[in-house]
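J.: sharing a model that was predicted from the sequence below.
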Amino acid sequence: MQGEIRELVKRAVSDLYKTDQVYFSVEHPAMEKFGDYTTNIAMVLGKMLKNNPMEIAESLKLGFKDLKKPSFEDAFEKIEVVAPGYINFYLSQKYLQNKVVEINKQKEKFGNSKIGNGEKIHLDFVSANPTGPVHLGNGRGGPSGNSLANVLVKNGYEVWREYYINDYGNQIKVLGHSILKDSEAQYSGGYVDELKERIKLEDPFEVGQEAAKIIIEEIIKPSMERLGIYFDKYFSEKSLHDSGEVDKIFKDFRSRDLIYEKDGALWFRAEKFGDEKDRVVKKTSGEITYFGGDIAYHKNKFERGFNKVIDIWGADHHGDVKRVMGAIEALGYGGRAEIILTQFVRVLQDGKEIKMSKRKGTYVSIDDLVEEVGKDAVCFFFLMYSPDTHMTFDLDLAKERSEKNPVFYVQYAHARISSILRKSESFDLKTENLQLLTNEKELSLIKELNKFPELVEEIAENYEVHRLPHYAIKLADKFHSFYNDCRVIDAENPELSQARLALVSAVKIVLAETLRLIGVSAPEKM
């Protein structure tokens, strides 16, 4: 409906004011008493045309009547103009009642769209160095990337999920030294001791490469699977060097004066693309930098036919963003890449922060967290925060089985609905009595269901997956409120019972699909 209202407004503006160059919003008001949708178009036009927004709003309201499609005739109960010029749209009871029919008919396909039109997206996330277990800093991107992929697929995109293995360079040599326990060792912990027992090589780089393979296969992959995350490919950085792709891109950039030599090193002209200074891609020692490999990796992605690439990185990669985006522009793919940074995670237990350090061997890994609170709590809690904000993971709250724990609260709503539907097996799930759904709590609940398709489409465009758990909480709120006020199964009023059961079934469908997109289970019993 949001898109249809936008089109209606655009047509009215074009018809009355002969302009298409207007940017306006169509949003859900903060309070339901102000309608189900509101637009600021009149105030935008008022500023442009130096006219009274209230008068413009009234003119547009009258213009809507002439432009309404047949499907709009029953969609609105009323359209109101309120100061200082908002136009508020109130959905009709009939529209909302029909939404219940639609959800029960489409089931988990409710909210699917084709806006992606099959566009191929490469999604690179987690990609922690294979030097030890995945810690929370890298791991936070796991649920985010997984959820984003789910949403993109639901909107008709073709998504490729990839884990980039940094198995080439100094960190691999450092891992080797750590396993050999020589003077250059930096990593420690039980996994290092175990690798020392298994690997009988002597060269630090060879030791590190062998260790990296084991860590990927026996530690990192199982960790991701415990979170319900699967990748289409684990891509080796080493393969880029072995195939000559890194040298090839350096040669190409040098021929275009995008790489130059200074002080025995090779430098990319990053400053030319908005970075604060040029960046080294090959050190005087001959070692290729991370960034040098990243250039070849992103070229490889586009050459595989992806229309767009999305990278989800930890906060420690903040300084890499401009140089990588500059290199992508130099490659000729500007505007087709997006980099999302996830900020740091603090873990609290008994009100005290648990300190983390991979190199000292005292850290909280993803496995530790999953073992402590379960996969569902990890995914839900990680996703509740926007990636650009620091988050605090409260272990005690995540383990609590009460409404204080948001994931328990939402899953309990789904389990309660499942219980209601099991008890109602003597009723046929029919939808012809939905005109009986007129209670304020019933309509408010349907309005929340109506927001779901718009939400998943918006997330496919802005990548704000943190909105999903908040929507799940709000939907659970609305359901519990409805359940407390409205008796669902009433043997003395079977027609109303059937209508309310259809509504409850619709809530179950949408809640389960929301949890699926988040990467969380929807239990039938709790």
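T.: Looks like it came in fine. Numbers count the residues shown, from 1 in each chain.

J.: make it CA atoms for all contacts and neighbour counts henceforth
T.: Noted.

J.: got the contact list for residue 137?
T.: Listed by CA atoms under 8 Å, 6 or more residues apart in numbering, the contact partners of residue 137 are 314-315, 342-345.

J.: could I get the full set of strands for the stretch 351-500 of the chain?
T.: Using DSSP state E, counting those that start in this stretch, the strands found in the stretch 351-500 of the chain span residues 352-354, 391-394.

J.: next, count neighbours for the nearest residue to residue 459 once chain neighbours are set aside.
T.: Closest residue to residue 459 apart from its sequence neighbours, by CA to CA, 6 or more residues apart in numbering: residue 465 at 6.1 Å. Applying other CA atoms under 10 Å, we find 28 other residues in the vicinity of residue 465.

J.: kindly report the same for residue 374.
T.: 16.

J.: just residue 40 next, same as before
T.: Taking other CA under 10 Å as the criterion, the count of residues near residue 40 is 19.

J.: just residue 433 next, same as before
T.: So residue 433, with other CA under 10 Å, has 16 neighbours.

J.: likewise for residue 385?
T.: The local packing count at residue 385 equals 21, with neighbours defined by other CA under 10 Å.

J.: leaving out sequence neighbours, find the closest residue to it.
T.: According to CA to CA, 6+ apart, the nearest residue to residue 385 is residue 466 (5.7 Å).

J.: so where's this protein uncertain?
T.: Under the criterion pLDDT under 70, the flagged ranges of the chain are 66-73, 355-363, 426-431.

J.: show me it divided up by domain.
T.: Partitioning the chain according to automatic domain parsing yields domains covering residues 2-91, 126-242+343-395, 406-518.

J.: and the longest one, how far out from the chain middle?
T.: Centroid separation for domain 126-242+343-395 versus its chain: 19 Å, with CA atoms, centre = their mean, to the nearest Å.

J.: what about it, start to end distance?
T.: The distance separating the two terminal residues of domain 126-242+343-395, taken as CA to CA, to the nearest Å, comes to 22 Å.

J.: that older thread, mean neighbour count added to the strands of the stretch 351-500 of the chain, as TSV?
T.: Written out in TSV, the entries for these read as follows (neighbours: other CA atoms under 10 Å):
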stretch	mean neighbour count
strand 352-354	12
strand 391-394	18
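
J.: okay if I get those as CSV plus distance to residue 178?
T.: Formatted as CSV, the entries for these read as follows, by distance: least, CA to CA, whole Å:
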stretch, distance to residue 178
strand 352-354, 24
strand 391-394, 30
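
J.: quick one: closest of those strands to residue 1.
T.: strand 391-394 (34.2 Å; CA to CA).

J.: paired strands for that closest one, with orientation please.
T.: Sheet neighbours of strand 391-394, with direction, are listed as strand 345-349 (parallel) (DSSP bridges).

J.: list the buried ones in the partner strand?
T.: In terms of neighbour count (16 or more other CA atoms under 10 Å), strand 345-349 has its buried residues at 345-348.

J.: next up, phi/psi of the nearest residue to residue 365 once chain neighbours are set aside, please.
T.: Nearest residue to residue 365 in three dimensions, chain neighbours excluded: residue 135, at 4.2 Å (CA to CA, 6+ apart). According to degrees, to the nearest 10, the main-chain angles of residue 135 amount to phi -90, psi 180.

J.: okay, now residue 135: neighbour count?
T.: Counted with other CA under 10 Å, the burial measure for residue 135 works out to 20 neighbours.

J.: that one touches residue 368, doesn't it?
T.: No: contact criterion CA atoms under 8 Å: residue 135 and residue 368 do not qualify, at 9.1 Å.

J.: residues contacting the closest residue in space to residue 333 that isn't next to it in sequence?
T.: Closest residue to residue 333 in three dimensions, ignoring its sequence neighbours and counting by CA to CA, 6+ apart: residue 302, at 7.9 Å. Residues counted as contacts of residue 302 (CA under 8 Å, 6+ apart) are 308-309, 333.

J.: dump those into CSV; add distance to residue 281 and neighbour count as well.
T.: As requested, the contacts of residue 302 are exported to CSV (distance: CA to CA, whole Å; neighbours: other CA atoms under 10 Å):
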residue, distance to residue 281, neighbour count
308, 24, 18
309, 22, 21
333, 19, 18
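
J.: what is the nearest of the residues you listed to residue 244?
T.: Taking the contacts of residue 302 together and measuring to residue 244 by CA to CA, the closest member is residue 333, at 21.0 Å.

J.: the closest one belongs to a strand?
T.: No: according to DSSP: H, G, I helix; E, B strand; the rest coil, the state of residue 333 is coil, so it is not within a strand.

J.: about what we covered before: and the buried residues of strand 345-349 as CSV, adding distance to residue 17?
T.: Output for the buried residues of strand 345-349, formatted as CSV (distance: CA to CA, whole Å):
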residue, distance to residue 17
345, 51
346, 53
347, 56
348, 57
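
J.: closest to residue 389 out of those?
T.: Closest to residue 389 out of the buried residues of strand 345-349 is residue 345 (9.3 Å), distances taken as CA to CA.

J.: show me what the longest helix seen in the chain is packed up against.
T.: With residue count as the measure and DSSP state H as the assignment, the chain has helix 494-518 as its longest helix. Helix 494-518 is packed against helix 93-106, helix 141-154, helix 375-383, helix 406-423, helix 440-450, helix 467-485, with contacts defined by 3 or more CA pairs under 8 Å, 6 or more residues apart in numbering; DSSP states H and E.

J.: now with 6 Å?
T.: Contact analysis of helix 494-518 by 3 or more CA pairs under 6 Å, 6 or more residues apart in numbering; DSSP states H and E lists helix 93-106, helix 141-154 as its packing neighbours.

J.: I'd like the ones you listed as a markdown table, with distance to residue 21 and mean neighbour count appended.
T.: Shown next, in a markdown table, are those (distance: least, CA to CA, whole Å; neighbours: other CA atoms under 10 Å):
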| stretch | distance to residue 21 | mean neighbour count |
| --- | --- | --- |
| helix 93-106 | 31 | 19 |
| helix 141-154 | 29 | 25 |
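
J.: of all those, which one is nearest residue 497?
T.: Short answer: helix 93-106, nearest of the helices and strands packed on helix 494-518 by CA to CA, at 14.2 Å.

J.: next secondary structure element downstream of the closest one?
T.: Sequence order places strand 120-125 as the next helix or strand after helix 93-106, per DSSP states H and E.

J.: just want the angle from that next one to helix 141-154.
T.: An angle of 170 degrees separates the directions of strand 120-125 and helix 141-154 when computed by axes from the mean of the first three to the mean of the last three CA atoms, to 10 degrees.

J.: ok, and for stretch 332-347, which residues are buried?
T.: Taking 16+ other CA under 10 Å as the basis for neighbour counts, the residues of stretch 332-347 that come out buried are 333, 336-337, 339-347.

J.: kindly report the same for stretch 192-199.
T.: When neighbours are counted by 16+ other CA under 10 Å, the buried residues of stretch 192-199 are found to be 192, 195-196, 199.

J.: again with stretch 458-473
T.: Of the residues in stretch 458-473, those buried by neighbour count under the rule 16+ other CA under 10 Å are 458-460, 463-473.

J.: just stretch 118-133 next, same as before
T.: Taking 16+ other CA under 10 Å as the basis for neighbour counts, the residues of stretch 118-133 that come out buried are 119-133.

J.: and that stretch, how far from the chain's centre?
T.: On the basis of CA atoms, centre = their mean, stretch 118-133 is displaced by 14 Å from the centre of the chain it belongs to.
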